[in-house]
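**Q** Predicted structure and sequence below. I'll ask about it afterward.
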Amino acid sequence: MTPNLIGSTFILAETAIADGNNNKMAAPASASGASAAVKSSTIKSKESSVAKATEAKVSPAVKPYEMEIVWHNVVLFIILHSMALYGGYLIYAESAYLEIVPIYITMFLGGLGITAGVHRLWSHKAYKAKLPLRIFLMLCQSLAFQNSIWEWTRDHRVHHKFVDTHADPHNSRRGFFFAHMGWLMCKKHPDVTSKGKQIDMSDIEQDPVVMFQKKFYFIIMPICCFVLPMLFPYYCMGTSLRVCFFTCSILRYTFSLHGTWLVNSAAHFYGMKPYDVNISSVNTKLVSTITFGEGWHNYHHVFPWDYKAAELGTYGYNWTTAFIDVMAKIGQAYDLKFVSKDMVHKRVLRTGDGSHIAALIDANNNDTAPSNELVAHLDHDLEETAVWGWDDKDISEEDRQGASIVNSELECKQD
């Protein structure tokens, strides 16, 4: 439309100038030309309006997202927590203090199924495990009852890939309660579903242990999570079935849920960010103590493919790493990947909050390692691209080349 209006203006201006200079021009022709141009413009304007109207009919406005509560999940959580409170009461009322021992043992086993199993092994491919260890971790993960390995892995990879966006299943930007357990009480945001379809799950689907559990999950899970934890103290300790069920099954299960949920909530709110100040995840010793080493969350989101999920050199707050190291020594775990010190120092000095010892040494102009030479050439080109683990196609080549590997697959084959 605009070119026609400009053309009409030039024609009218030219006519006025010619008439002022006593030049004889065919005024009707000029007027006719202007009229034709305006007419053409009007026709095109109408056509544009019709096109826009048609487009509006074809593409209706997208309805804004509104959170929808899943009330039957809310009711189930109320029932679960009521039963757990009753289990806690029974420990006192029935003097069932010895039952705390099997409660802790089963919590620890279920925790290993989450931390060493579905988290570090299957979700992040931080190490590899032989068949006996994979079967053991599958049973432990079934004991924890937090969906199948396949579903847990998919959701966790989406969380890492699209952290703190609408595609994040437990987006911390929607508040502490939502990140902790509220996300299980409402329908998923459409982005969670659409982005979840983009996650590559082919590696998981090639594992027969994972697919076996997925197929028979609602047979394996109840036996591992509720029946066996109840029967063990019943037969071995002479405790009543009522006490065993409400304490060793329900109370233990509820505690283990909240332990995992703290990684999604507290470990995104309260703590320090020594590795990357630009992300929500933080390092928190309390959560790491509760979850056997999963609380060093700022480190984990920067280097999700590190089998230690932390930089610590000891096992004090990371029992999961101790378990994996033991499995490596007996030949069940191999290809253990971890981040080199130089790579850690580069990232600390580039994006950390200054709380890491490397940043403090550098700030004091200390000559001891790590020094400024470690960050002379910062070349983390894909630093802002989130990855879910070792097999993520977006992982930087520098991270692949700089990773250290214990009991590599090649070494195991040579042995």
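**A** Alright, I've got the coordinates. The shown structure was predicted, so the numbers you read here are calculated from the model rather than taken from an experiment.
**Q** show me where the stretch 1-150 of the chain has strands.
**A** Here the stretch 1-150 of the chain has its strands, by DSSP state E, counting those that start in this stretch, at 128-129.
**Q** Low-confidence regions, it specifically.
**A** Low-confidence segments of the stretch 1-150 of the chain, defined by pLDDT under 70, are located at 1-63.
**Q** What segments of it are helices?
**A** Defined through DSSP state H, counting those that start in this stretch, the helices belonging to the stretch 1-150 of the chain, from first to last, are 2-20, 27-58, 71-93, 100-112, 131-144, 149-161.
**Q** helices and strands around the third one, which ones?
**A** Spelled out, that is helix 71-93. When contacts are defined as 3 or more Cβ pairs under 8 Å, 6 or more residues apart in numbering; DSSP states H and E, helix 71-93 sits against helix 241-243, helix 252-264. Just so you know, the C-beta spots here come from the backbone N, C-alpha and C atoms, and that holds for glycine as well.
**Q** Which one, of the ones you listed, ends up nearest to V344?
**A** Distances from V344 to each of these were compared using Cβ to Cβ; the minimum, 21.0 Å, belongs to helix 252-264.
**Q** Can you give me the buried ones in the closest one?
**A** Judged by neighbour count (16 or more other Cβ atoms under 10 Å), helix 252-264 contains these buried residues: R252, Y253, T254, F255, S256, L257, G259, T260, W261, L262, V263, N264.
**Q** can I get the residues you listed in TSV with pLDDT and distance to L85?
**A** As requested, the buried residues of helix 252-264 are exported to TSV (pLDDT from 0 to 100; distance: Cβ to Cβ, whole Å):
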residue	pLDDT	distance to L85
R252	98	14
Y253	98	13
T254	98	9
F255	97	12
S256	97	16
L257	97	14
G259	96	17
T260	96	20
W261	97	17
L262	97	19
V263	97	23
N264	96	23
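**Q** which of those lies closest to A84?
**A** T254 (3.8 Å).
**Q** ends of stretch 233-253, how far apart?
**A** Terminal residues of stretch 233-253 are spaced 16 Å apart (Cα to Cα, to the nearest Å).
**Q** Show residues contacting it.
**A** Under the contact criterion Cβ atoms under 8 Å, 6 or more residues apart in numbering, stretch 233-253 has outside partners 80, 83-84, 86-88, 90-91, 94, 96, 98-99, 102-103, 106-107, 110, 145, 225-226, 229-232.
**Q** now swap in stretch 76-90 and tell me
**A** The contact list for stretch 76-90 (Cβ under 8 Å, 6+ apart) reads 96, 181, 184-185, 242-243, 246-247, 250-251, 253-255.
**Q** Now find how far off-centre stretch 334-348 is within its chain.
**A** Its chain's C-alpha centre and that of stretch 334-348 lie 20 Å apart, by Cα atoms, centre = their mean, to the nearest Å.
**Q** Please spell out which residues along it are buried.
**A** Using 16+ other Cβ under 10 Å as the burial criterion, the residues of stretch 334-348 that qualify are Y334, D335, L336, K337, F338, V339, M343, V344, H345, K346, R347, V348.
**Q** The stretch 301-415 of the chain: helices as residue ranges?
**A** 319-329, 341-351, 357-363, 397-402, 409-414.
**Q** What count of nearby residues applies to E151?
**A** The number of residues packed near E151 is 15, by other Cβ atoms under 10 Å.
**Q** can you tell me which residues contact the spatially most central residue of the chain?
**A** Against the mean C-alpha coordinate of the chain, by Cα atoms, centre = their mean, the closest residue is H159 at 1.8 Å. Contacts for H159 (Cβ under 8 Å, 6+ apart) come out as D168, P169, H170, N264.
**Q** Just give the closest residue to the last one, not the sequence neighbours.
**A** Leaving out its chain neighbours, the residue that sits closest to N264 by Cβ to Cβ, 6 or more residues apart in numbering is H170, at 4.5 Å.
**Q** Pull out the buried residues from the contacts of stretch 233-253.
**A** The neighbour-count test (16+ other Cβ under 10 Å) applied to the contacts of stretch 233-253 identifies 83-84, 87-88, 90-91, 96, 99, 102-103, 106-107, 110, 145, 225-226, 229-232 as buried.
**Q** Show me the protein divided up by domain.
**A** Per the record's domain assignment (automatic domain parsing), the chain is made up of the domains 2-58, 71-274.
**Q** For H297, find the nearest of those domains.
**A** H297 lies closest, by Cβ to Cβ, to one member of the domains of the chain: domain 71-274, at 3.9 Å.
**Q** chain center to the closest one, what's the gap?
**A** Between the mean C-alpha location of domain 71-274 and the chain-wide mean there is a distance of 15 Å, by Cα atoms, centre = their mean.
**Q** Could you count how many residues lie near Y315?
**A** Applying other Cβ under 10 Å, we find 15 residues neighbouring Y315.
**Q** Now it: phi and psi?
**A** With angles defined as degrees, to the nearest 10, Y315 shows backbone torsions of phi -100, psi 10.
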